[in-house]
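Student: model the structure of this input:
(2 chains)
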Amino acid sequence: DAGVTQSPTHLIKTRGQQVTLRCSPKSGHDTVSWYQQALGQGPQFIFQYYEEEERQRGNFPDRFSGHQFPNYSSELNVNALLLGDSALYLCASSRSPSGANVLTFGAGSRLTVL
Amino acid sequence: AQSVTQLGSHVSVSEGALVLLRCNYSSSVPPYLFWYVQYPNQGLQLLLKYTSAATLVKGINGFEAEFKKSETSFHLTKPSAHMRDAAEYFCAVSAYNNNDMRFGAGTRLTVKP
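Tutor: Predicted coordinates for the structure are as follows:
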């Protein structure tokens, strides 16, 4: 049973460019959350998608946007990249957005902005 | 809004010694609390969770945590450290109605031989 899969695993961009990261949730999961983890820090909540809609959003600018597809997979888009966007981007899935439901994490996509 | 604070960014213990990683939470509603572990170049793996059942929660790899409402704490312990326990540990909190978890800054555990 595949867990959460993310692609690409590593990528390098330059300032001002745009990036799209992809996530396939664990089988049976319908909720996807995205986190940004800067080097040496804890994951910061970006947003959560359920039923193809953004349900919750953390303190991130509108340059960060996302989408969820009917098969529950999700994309994270970041426009006008800044050096400070360099981080590990983690996707997590769960069986509904209920607070008691555990998040299952992927291995992440490491973005470097030059 | 809920949040957690992890006390101590680095903890070093000898192999076989007690492991104690500290976490305090702040929440306006009854929280759900979690501990995750992250090994280098990997995602986060769940160690244990508290969801208002027993206050002493047992997790994987011999770890356990105790929910103390009076102290707003959820400290992680393990009686005897192993070399393989060396990793980054994160405490996290979510509200009962939504699992948009909020994480602490993490504690790096080093185990000395």
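Student: spatially central residue in chain B, please.
Tutor: Nearest to the mean C-alpha position of chain B, by Cα atoms, centre = their mean, lies residue B:35 at 3.5 Å.
Student: neighbouring strands for the helix or strand hosting it, and are they parallel or not?
Tutor: Per DSSP states H and E, residue B:35 falls inside strand B:31-38. For strand B:31-38, the paired strands and their directions (DSSP bridges) are strand B:44-50 (antiparallel), strand B:87-95 (antiparallel).
Student: which parts of chain B sit against chain A?
Tutor: B:6, B:32, B:34, B:36, B:41-46, B:49, B:51, B:90, B:94-106 (Cβ under 8 Å from any Cβ of the partner chain). Where C-beta positions appear, they are placed from N, C-alpha and C, glycine not excepted.
Student: identify the residues contacting the nearest residue to residue A:28 once chain neighbours are set aside.
Tutor: Using Cβ to Cβ, 6 or more residues apart in numbering or on different chains and skipping the chain neighbours, the partner closest in space to residue A:28 is residue A:95 (6.1 Å). Residue A:95 makes contact with A:28, A:29, A:30, A:31, A:101 under the criterion Cβ atoms under 8 Å, 6 or more residues apart in numbering or on different chains.
Student: now residue B:55: phi and psi?
Tutor: Per-residue torsions, residue B:55: phi -80, psi -20 (degrees, to the nearest 10).
Student: burial measure for it, as a count.
Tutor: 12 (other Cβ atoms under 10 Å in any protein chain shown).
Student: quick check: closest non-adjacent residue to it.
Tutor: In space, residue B:55 comes closest to residue B:67 once its chain neighbours are excluded; the distance is 4.5 Å by Cβ to Cβ, 6+ apart.
Student: just the element for that neighbour, please.
Tutor: Per DSSP H and E, residue B:67 falls inside strand B:64-68.
Student: bridging residues for the most centrally placed residue in chain A?
Tutor: In chain A, the residue lying closest to the centroid (Cα atoms, centre = their mean) is residue A:34, at 3.1 Å. Beta-bridge pairing of residue A:34 under DSSP bridges involves residue A:47, residue A:91.
Student: hmm, back to that, okay, now the residue nearest to residue B:55: neighbour count?
Tutor: 20.
Student: kindly report the same for the one 5 residues further on.
Tutor: By the measure other Cβ under 10 Å, the count of residues near residue B:72 is 15.
Student: then residue A:61?
Tutor: 10.
Student: what residues does chain A have near chain B?
Tutor: Counting by Cβ under 8 Å from any Cβ, chain A sits next to chain B at A:4, A:31, A:33, A:35, A:40-45, A:48, A:55-56, A:58, A:90, A:92, A:94, A:97-108.
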